[in-house]
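[1] Sequence isn't available, so here's the structure alone:
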């Protein structure tokens, strides 16, 4: 990604790992094209006169307003919050500077609410990691106008990269947890369900706070799973009877509690949850178990576990920042664990029927086709960034790029799915590019979340798209399958749907179908909105 960075001080050393160009000091009038994203990174300078600092903040506000108008909404404008690294404390009761900084940050936050391409990054999250005297090296400040200490350059770039990954929804999906000496102190098989360390006194209070943090992570879209060598009956009794055990059975999307090899159990969890191993993070207090998983499952992230319980809170903060940061949260993110539990109920329900038709009819599946709009575009972009398995082309797009497709008159759809067991939310999307004469179209992107596969929804969604194009005067439809290491199951989808294979080269398959009316099975209730 190529950045253009608006700055008012020397910051080139903070972006050495990025492809970036820089404005002149304080200059925003010229907004050049040809960049993937724009970043506004103005830092309060050192001034002993508070009134001058207040004037500078007002100037920053005017510049941000100008950029919000001039940067087209198909390009991200990333704004770092304003922080005062040089507090001028002449009078203790004078809070004008503090209030002005807070007002500026509230202002850019309100701009982000009404301008979907504006993304705010909280710069205080970075500077609060360091004592104030480490933030600036006065030698470089006076020699080179560097407000931020150049020694922090690598740390800053690592931090910023995590923030940018969060904006692009590049986070891990699942946290796989050991139990003994991980979620509580002690070993339940030896100490008993009453003897493990949980509660309000040390070290139990450390594990209690750790569990509270995990509950919040779950609320924010992290899937929780268990991989533990234990007697399952002991853990079920613990969940039922120990009042200090905050995480309950229903908080986990799946678990493997047995005496089997953890490597194979983690593979089984990945298959059960229908996610890639590279979407998983594994926590275990046992260094030999960690090393085993690292050796045989290199795609799984395995951080070091803290040696002492009192280190758990800081460990969790780093864990979440490194693997699970998210810039904004969709309803689908919040409901991930519940949706995986729904999937399990659905699979159990399947066994009660002798034919697929009876099973699908019994599910009472409802498909709501939505056109891309301000409300669903964040989720649409997120799916392009995260969906790997049933993704025909695996093209990644930002929110701004999705808006650009819509602006250019391309068709962008998503599908929301519900059945008798619950609402899976928006779990499929497609981008179709009609030609200038609107007589032919290319299916650029077609994907579905793995959570809703196995119900024929993909065929019905594609049939809707073909019908829609046919009704809108499209005669010829082209599509392709681009192979990756993860989307093998989608390889023959277009053949099964009746498309004609035109060519196949280096694994890339290209297809054609004449636009026509396609039948959608009666067991699906389909609506448009």
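    Perfect, thanks for sending it. Note that this is a predicted model, so its numbers are computed, not measured.
[2] contacts, neighbours, all on C-alpha from now
    Noted.
[3] okay, and the helix or strand of this structure with the least pLDDT?
    The weakest-scoring helix or strand in the chain, judged by mean pLDDT, DSSP states H and E, is helix 336-350 (a mean of 58).
[4] what's the next secondary structure element after that helix?
    Sequence-wise, the next helix or strand downstream of helix 336-350 (DSSP states H and E) is helix 356-363.
[5] Now do the buried residues in whichever helix or strand comes after that next one.
    Using DSSP H and E, the helix or strand that directly follows helix 356-363 along the chain is strand 365-371. Neighbour counts using 16 or more other C-alpha atoms under 10 Å place 365-371 of strand 365-371 among the buried residues.
[6] Which of the three states applies to residue 293?
    Under DSSP: H, G, I helix; E, B strand; the rest coil, the three-state class of residue 293 is helix.
[7] Quick check: closest non-adjacent residue to it.
    residue 263 (5.7 Å; C-alpha to C-alpha, 6 or more residues apart in numbering).
[8] Switch the buried residues of strand 365-371 over to a markdown table; also include distance to residue 87 and pLDDT.
    Shown next, in a markdown table, are the buried residues of strand 365-371 (distance: C-alpha to C-alpha, whole Å; pLDDT from 0 to 100):
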| residue | distance to residue 87 | pLDDT |
| --- | --- | --- |
| 365 | 59 | 91 |
| 366 | 58 | 93 |
| 367 | 56 | 94 |
| 368 | 54 | 95 |
| 369 | 53 | 96 |
| 370 | 50 | 96 |
| 371 | 49 | 96 |
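[9] my guess is residue 209 meets residue 315, correct?
    No. Applying C-alpha atoms under 8 Å, one finds residue 209 not in contact with residue 315, separated by 11.7 Å.
[10] Which elements pack onto the helix or strand harbouring the residue nearest to residue 293?
    Element membership of residue 263, judged by DSSP H and E, is helix 262-273. In terms of contacts (3 or more C-alpha pairs under 8 Å, 6 or more residues apart in numbering; DSSP states H and E), helix 262-273 is packed against strand 223-229, strand 254-258, helix 287-296.
[11] by contact count, what packs against the longest strand seen in the chain?
    Counting residues, the longest strand found in the chain (DSSP state E) is strand 422-434. With contacts defined as 3+ C-alpha pairs under 8 Å, 6+ apart, strand 422-434 has these neighbours: helix 331-334, helix 336-350, helix 377-386, strand 411-419, strand 440-448.
[12] Does anything pack onto the last one? Which helices or strands?
    By that I understand strand 440-448. strand 422-434, strand 476-481.
[13] do you know which of the ones you listed lies nearest residue 198?
    Proximity to residue 198, assessed across the helices and strands packed on strand 440-448 by C-alpha to C-alpha, is greatest for strand 422-434 (34.0 Å).
[14] The closest one pairs with which strands, and in what direction?
    strand 411-419 (antiparallel), strand 440-448 (antiparallel) (DSSP bridges).
[15] how about that strand: buried residues?
    Neighbour-count burial for strand 422-434 [16+ other C-alpha under 10 Å]: 423-434.
[16] With stretch 358-366 instead?
    By 16+ other C-alpha under 10 Å, the buried positions in stretch 358-366 come out as 359-360, 363, 365-366.
[17] first to last residue in stretch 494-505, what's the distance?
    16 Å (C-alpha to C-alpha, to the nearest Å).
[18] what does it contact?
    With contacts defined as C-alpha atoms under 8 Å, 6 or more residues apart in numbering, stretch 494-505 is touched by 459, 509-513.
[19] quick one on the thing from earlier: adding distance to residue 227, write the buried residues of stretch 358-366 out as JSON lines.
    Formatted as JSON lines, those follow (distance: C-alpha to C-alpha, whole Å):
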{"residue": "359", "distance to residue 227": "32"}
{"residue": "360", "distance to residue 227": "33"}
{"residue": "363", "distance to residue 227": "31"}
{"residue": "365", "distance to residue 227": "33"}
{"residue": "366", "distance to residue 227": "35"}
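[20] nearest to residue 225, of the strands paired with strand 422-434?
    For these, proximity to residue 225 was assessed by C-alpha to C-alpha; strand 440-448 is nearest, at 22.7 Å.
[21] quick one: average pLDDT of the helix or strand just after the closest one?
    With elements assigned by DSSP H and E, the helix or strand that comes after strand 440-448 is helix 457-471. In this model, helix 457-471 has an average pLDDT of 95.
[22] elements contacting helix 457-471?
    By 3+ C-alpha pairs under 8 Å, 6+ apart, helix 457-471 packs against no helix or strand.
[23] If we go by neighbour counts, what in the longest helix seen in the chain is buried?
    For the chain, the helix with the greatest residue count under DSSP state H is helix 50-70. Residues of helix 50-70 classed as buried by neighbour count (16+ other C-alpha under 10 Å): 50, 53-54, 57, 60-61, 63-64, 67-68.
[24] How far away from the center of its chain is the next helix or strand after it?
    Following helix 50-70 in sequence order, the next helix or strand is strand 77-80 (DSSP H and E). Taking C-alpha atoms, centre = their mean, to the nearest Å, one finds strand 77-80 lying 18 Å from the centre of the chain it belongs to.
[25] Looking at strand 77-80 now, give me its mean pLDDT.
    Rounded mean pLDDT across strand 77-80 is 97.
[26] Give me the sheet partners of that strand and which way each runs.
    Partner strands and pairing direction for strand 77-80 (DSSP bridges) are strand 37-41 (parallel), strand 118-121 (parallel).
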